[in-house]
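S.K.: Make a model of this:
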Amino acid sequence: MSRRAGTVALRSAVPTGATRVRPTWQRSCTIVAAAAAVLIAAAGCAADGPRTVSPAASSPARSAAQPSPSGPRRVTVLGAGDVLVHPPVWQQARADGHGRMDFRDIFAGVRPAVSGADLAVCHLETPLAGPGDAPRGWPRFAAPPQVLDAVRATGFDDCSTASNHSYDQGSAGVRDTLDALDAAHLHHAGTARSAREAARTDLIDVHGVRIADLSYTFGLNSGLSLPAGESWLVNVTDVHRILTAAHAARAAGADIVLLSLHWGTEYQQQPTDEQRAQARTLLGSPDVDAILGCHAHVVQPFQRIGGKWVVYGMGNEIARHEDPVAASREGVMPRLTFTESAGGRWRVSHVDAVPTWVDIAPKIRLVTLSTALAGQPSAAQRSVYQREYDRIGAAVNALGAHVPLA
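M.R.: Residues are numbered from 1 along each chain as shown. Below is the predicted model:
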């Protein structure tokens, strides 16, 4: 299942997520700089002394990031939009599991694309229900934790968790969600159970290429606020704070720094002025390599800025809104190929996009549109799939990116 040799987790000065090692699931904690220690102390947690463990043994893996005799090393990162489990989605999972929730059939249509990447990152939009708790829908979500079995089985390795819904179930919801992610052996970034955990950077080792995923949200839903002194529960966007986090990740040894941002305006397919300004500033830093955007529930454009890429909005990976308009059933999975330069820096050398669609009848199913079109859909299905394929392509390239659809 895993495509990595293991994970080397190093401490940083800012909240970026938990530390995990797969498949043996050990932890490794090392102070990366004196500046990190100062900031950790300022956050109210003492720095641990140096302590390391060996990376886990190699798991079944894709070979893209391995040294190649014919050229430089490459690694492919795939992103995916909101995993938003509305009640009709979990009702479908219960029907598929004959009374026991099983989400695997819902996600099966995207498994080849997801599992084909060296690192696959999705956005867990909502907290998960705690042990024995019933799931809840809008406006204060608590998704069934069984969805993680499907996320893992589909091939995802990592979930960004900072969103406006992160605190829907309070501190207990943050804890329950991260406990479930740990149990599923999924990396995560964006929320934390403690100041100490928030002060860790998770470096995901993909065949020796160390990748950091940072996750931030514009804020929380109306009526919600983090407790005094516990701002570390959810990473809230501040450009200076993000740049500090990215610099700390780079200092900790990250070869590639990904930034997952929950931002923009819901159901608006063009990025806001604020999104575009933040993208320019963040990608202008040598410490940020790419931005993967979520929150709008519709596909937003890709854009190249200074040789780097921002995906303003990936739409929904899975959702079933009360009003299931076409735009909110569309999604896109960007696939970024990073290539190592002679100087040891990693740059995006190729970008393409996998368009997806949420079928809602007769069953809720996530569809990879190119695969569906290449199959034998009915005439009515073909018409819908082609329309959606074209609409997603137009949205992806609305700012002139010229990104091909896979």
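
S.K.: Just give me the longest strand of the protein.
M.R.: Criterion DSSP state E: the longest strand present in the chain is strand 346-359.

S.K.: Which positions in the helix or strand hosting residue 280 come out as buried?
M.R.: Per DSSP states H and E, residue 280 falls inside helix 273-283. The neighbour-count check on helix 273-283 (16 or more other Cβ atoms under 10 Å) flags 275, 276, 278, 279, 282, 283 as buried. For the C-beta atoms, the positions are set from N, CA and C on the backbone; glycine is no exception.

S.K.: cool, stretch 234-244 as well?
M.R.: 234, 235, 236, 237, 242, 243, 244.

S.K.: thinking residue 125 is in contact with residue 83, fair?
M.R.: Yes - using Cβ atoms under 8 Å, residue 125 makes contact with residue 83 at a distance of 5.9 Å.

S.K.: a helix runs through residue 381, doesn't it?
M.R.: Yes - if the criterion is DSSP: H, G, I helix; E, B strand; the rest coil, then residue 381 is within a helix.

S.K.: contacting residues for the nearest residue to residue 138 once chain neighbours are set aside?
M.R.: What sits nearest to residue 138 in space, not counting adjacent residues and going by Cβ to Cβ, 6 or more residues apart in numbering, is residue 86, at 7.3 Å. Residue 86 makes contact with 137, 138, 319, 320, 321, 322, according to Cβ atoms under 8 Å, 6 or more residues apart in numbering.

S.K.: and if you look at residue 75?
M.R.: 64, 65, 118, 119, 206, 207, 209, 211, 256, 337, 338, 346.

S.K.: ok, now residue 158?
M.R.: Listed by Cβ under 8 Å, 6+ apart, the contact set of residue 158 reads 119, 120, 121, 122, 186, 187, 188, 189, 204, 213.

S.K.: all helices of the stretch 151-300 of the chain, in order?
M.R.: Using DSSP state H, counting those that start in this stretch, the helices of the stretch 151-300 of the chain run over 170-183, 195-198, 239-251, 273-283.

S.K.: Please apply the same query to the stretch 301-406 of the chain.
M.R.: Listed in chain order, the helices of the stretch 301-406 of the chain (DSSP H, counting those that start in this stretch) span 326-329, 369-374, 379-396.

S.K.: ok, back up a step: okay if I get the helices of the stretch 151-300 of the chain as TSV plus distance to residue 326 and mean pLDDT?
M.R.: Below are these laid out as TSV (distance: least, Cβ to Cβ, whole Å; pLDDT from 0 to 100):
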stretch	distance to residue 326	mean pLDDT
helix 170-183	30	98
helix 195-198	39	94
helix 239-251	33	97
helix 273-283	23	98
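
S.K.: circling back: out of the buried residues of helix 273-283, flag the one nearest to residue 260.
M.R.: residue 282 (11.8 Å; Cβ to Cβ).

S.K.: how close does that closest one sit to residue 237?
M.R.: According to Cβ to Cβ, to the nearest Å, residue 282 stands 10 Å off from residue 237.

S.K.: now do residue 291
M.R.: Distance of residue 291 to residue 237, computed by Cβ to Cβ: 12 Å.

S.K.: Now the common contact residues for these two.
M.R.: Taking Cβ under 8 Å, 6+ apart as the criterion, residue 291 and residue 237 both touch residue 261.

S.K.: ok so, going back, just the angle between the helix holding residue 280 and helix 239-251, please?
M.R.: 30 degrees (axes from the mean of the first three to the mean of the last three Cα atoms, to 10 degrees).

S.K.: name the helices or strands packed onto helix 273-283?
M.R.: In terms of contacts (3 or more Cβ pairs under 8 Å, 6 or more residues apart in numbering; DSSP states H and E), helix 273-283 is packed against helix 239-251, strand 290-294, strand 302-305, strand 308-311.
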